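Visitor: Here is my input, please return the structure:
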Amino acid sequence: MHSLTRRTSIKLIAVVAAFAVAVPAASAASARKDSGTAYVSVTHQEGSTLWVAGDIKDKILGRGAIVYQTKVSAGQQTGSVLVTAKTVTLFTPTGSLTGTGKATQTANPDGSITVTGGVVSLTKGTGSLKGHSLKATFSGPFKDNIYTFKYSGTYK
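Guide: Numbering: from 1, shown residues only. Purely as a prediction, here's the structure:
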């Protein structure tokens with residue numbers, strides 16, 4: 001009977017240990033509201049692809065860098081273009097998030113340029129961000145060759 005009790009105790013310890021490991025992982029993946037600002041500029045063009053890079057300041061992730069490749073197509077309104085990014089990567093000191101994004105860029109009658117209706121879905125993480133995601137909406141102006149995007153969304 002002592003041997004059976006010992007085996008039962010070992011199994012119970014294993015179950016408790018597995019639960020203890022799983023609970024932090026589950027809470028790390030719980031949804032949290034996030035927001036931040038991205039400052040980006042076009043760095044160069046290769047064929048029809050524009051390369052854009054910059055830095056971010058994020059409420060949860062802190063400071064980081066962002067790079068993405070865009071394709072531009074005609075927008076729904078005169079003076080607007082749809083900008084689609086098949087690959088968006090956000091880098092932090094401890095990991096990265098990769099996904100897709102899109103937005104509408106409009107040249108306004110006063111000469112200003114704005115970006116509206118932006119959505120980004122970063123679903124593949126590496127390093128400390130493995131298993132995490134960031135889905136957000138964004139918008140902002142283009143001034144002095146810099147896009148300033150304010151974003152808000154959900155970090156899991």
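
Visitor: what's downstream of the strand or helix carrying Ala136, the next helix or strand?
Guide: Ala136 is part of strand 134-143, with elements assigned from DSSP states H and E. Moving toward the C-terminus from strand 134-143, the next helix or strand (DSSP H and E) is strand 146-155.

Visitor: tell me which residues of that next one are tucked away?
Guide: Buried residues in strand 146-155, counted by 16 or more other Cβ atoms under 10 Å: 147-149, 151, 153, 155. In this view, the C-beta of every residue, glycine as well, is placed from N, C-alpha and C.

Visitor: Reformat the residues you listed as TSV; add distance to Thr94 and pLDDT.
Guide: Listed next are those as TSV, based on distance: Cβ to Cβ, whole Å; pLDDT from 0 to 100:
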residue	distance to Thr94	pLDDT
Tyr147	26	97
Thr148	25	98
Phe149	23	97
Tyr151	20	98
Gly153	20	98
Tyr155	14	97
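
Visitor: Throw those into JSON lines and include distance to Ser128, thanks.
Guide: Shown next, in JSON lines, are these (distance: Cβ to Cβ, whole Å):
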{"residue": "Tyr147", "distance to Ser128": "27"}
{"residue": "Thr148", "distance to Ser128": "27"}
{"residue": "Phe149", "distance to Ser128": "24"}
{"residue": "Tyr151", "distance to Ser128": "21"}
{"residue": "Gly153", "distance to Ser128": "19"}
{"residue": "Tyr155", "distance to Ser128": "13"}
